[in-house]
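Engineer: Build me a model:
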Amino acid sequence: MSIWVLDSFVFKFPVKFAGYVPWFIRLVIALTLIIIGVTMGYLAQKVLFYQKQDRPSVIDTGILAHVRHPLYLGGLLVYFGFVLGTFSILSLITYMFVFVVYDYLATFEEKDLERVFGQAYVEYKRRVPKWIPRFS
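Structural biologist: This next block holds a predicted model:
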């Protein structure tokens, strides 16, 4: 939010670009991305934290059957919704930084999960994409 305030009221970058896309179209796209991101996060935490398991295993049900990192992806969609809603250049730069950090965290976690679950997780990685959901 502070980046958006800086960009909008101090540097005034969005003013130059916002005129190309009407505000209501930006608002609809932003709200759609935010709603999808929040829903994805909710579905992920529902599968990850509320389903009982007898022993630890690779979870490949629900949203995790379509994308390996739905919590991170949900957060990224929410952030991108704000970027498109504000047309803030500084927000876009921050978004790219956050994406790189999330990708690094996801890769680190995947290496650890491969160590813990072995071939079962390698097979899961082969079937399920990291970032772009597959619904087939």
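Engineer: C-alpha only now, for contacts and for neighbours.
Structural biologist: Noted.
Engineer: what about the helices in this protein?
Structural biologist: Per DSSP state H, the chain carries helices over the ranges 2-5, 13-18, 23-50, 70-86, 89-117, 119-127.
Engineer: Please compute how far the last one lies from its chain's middle.
Structural biologist: Relative to the chain's own centre, helix 119-127 is displaced by 21 Å; criterion: C-alpha atoms, centre = their mean, to the nearest Å.
Engineer: so who does L27 touch?
Structural biologist: Taking C-alpha atoms under 8 Å, 6 or more residues apart in numbering as the criterion, L27 is in contact with G85.
Engineer: Check it and give its pLDDT.
Structural biologist: In this prediction, L27 carries a pLDDT score of 90.
Engineer: Equivalent analysis for the one 3 residues further on, please.
Structural biologist: At A30, the model reports a pLDDT of 93.
Engineer: Residue ranges in this protein under the pLDDT threshold?
Structural biologist: 1, 4, 8, 11-18 (pLDDT under 70).
Engineer: repeat that with 80
Structural biologist: Applying pLDDT under 80 to the chain picks out residues 1-21, 51-54, 86-89, 136.
Engineer: May I have the phi/psi pair for the residue of it most remote from its centre?
Structural biologist: For the chain, the residue at maximal distance from the C-alpha centroid (C-alpha atoms, centre = their mean) is D54, at 29.3 Å. Main-chain torsions, D54, degrees, to the nearest 10: phi -70, psi -40.
Engineer: cool, and H69?
Structural biologist: Backbone torsions of H69, given as degrees, to the nearest 10, read phi -130, psi 70.
Engineer: Now do the same contact list for it.
Structural biologist: Contacts for H69 (C-alpha under 8 Å, 6+ apart) come out as 106, 130-131.
Engineer: before we move on, what about F99?
Structural biologist: Counting by C-alpha under 8 Å, 6+ apart, F99 has contacts L76.
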